[in-house]
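> sharing a model prediction with you, sequence too.
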Amino acid sequence: MTSETDFHAALDADPNDWQTLLVFSDWLRDRDDPRADGYAALARRGRRPGRHDLNKTHGANWEGTWFAWAKLGTANRIGGPVTEADIDALFADWYDLLKGANQLPTWDSQAWAYFRTRSAALDVAARAFTDLPAARRAALLAP
């Protein structure tokens, strides 16, 4: 693949392709892109935004497909706890750094942050990763 668009198209086609996410991370690293480690951590931790198809019952601006991150330890969409088994969950410290970038109008992002595209959700998480303390980033990148 030769462009960021190519990588995101491949990830849209297969959201669970952790290998492509790692290769994309390496591709970004080769270009000195600060998001590289964030993408690597998402792949190594098996994290991806969840796809939510929302309807007008939530409001006209909400209708359509959204991609969301959940905050580990909060309530999931059916009332149970968000756990590490939920691949759309980010650790609380990481999640808290991205929730302000939530793109869903009027949504309180204390537990869920929504984005219009999968690539936007991935990118926001990768950027937020850079704001974690160095030791925490190292722990999340460890195999």
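Looks like it arrived, so ask away.
> can you find the helix or strand in the protein with the smallest mean pLDDT?
Within the chain, no helix or strand scores below strand 50-54, which has a mean of 88 by mean pLDDT, DSSP states H and E.
> and that strand, what other elements does it pack with?
Contact partners of strand 50-54 among helices and strands, from 3 or more Cβ pairs under 8 Å, 6 or more residues apart in numbering; DSSP states H and E: strand 64-71. (C-beta placed from N, C-alpha, C; glycine too.)
> R45 is in contact with W18, correct?
No - W18 is beyond contact range of R45, at 9.4 Å (criterion: Cβ atoms under 8 Å).
> what are the boundaries of the helices in this structure?
For the chain, the helices defined by DSSP state H cover 4-13, 18-30, 36-44, 92-98, 118-129, 134-141.
> dump the ones you listed into CSV; add mean pLDDT as well.
Written out in CSV, the entries for the helices of the chain read as follows (pLDDT from 0 to 100):
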stretch, mean pLDDT
helix 4-13, 94
helix 18-30, 96
helix 36-44, 97
helix 92-98, 96
helix 118-129, 97
helix 134-141, 97
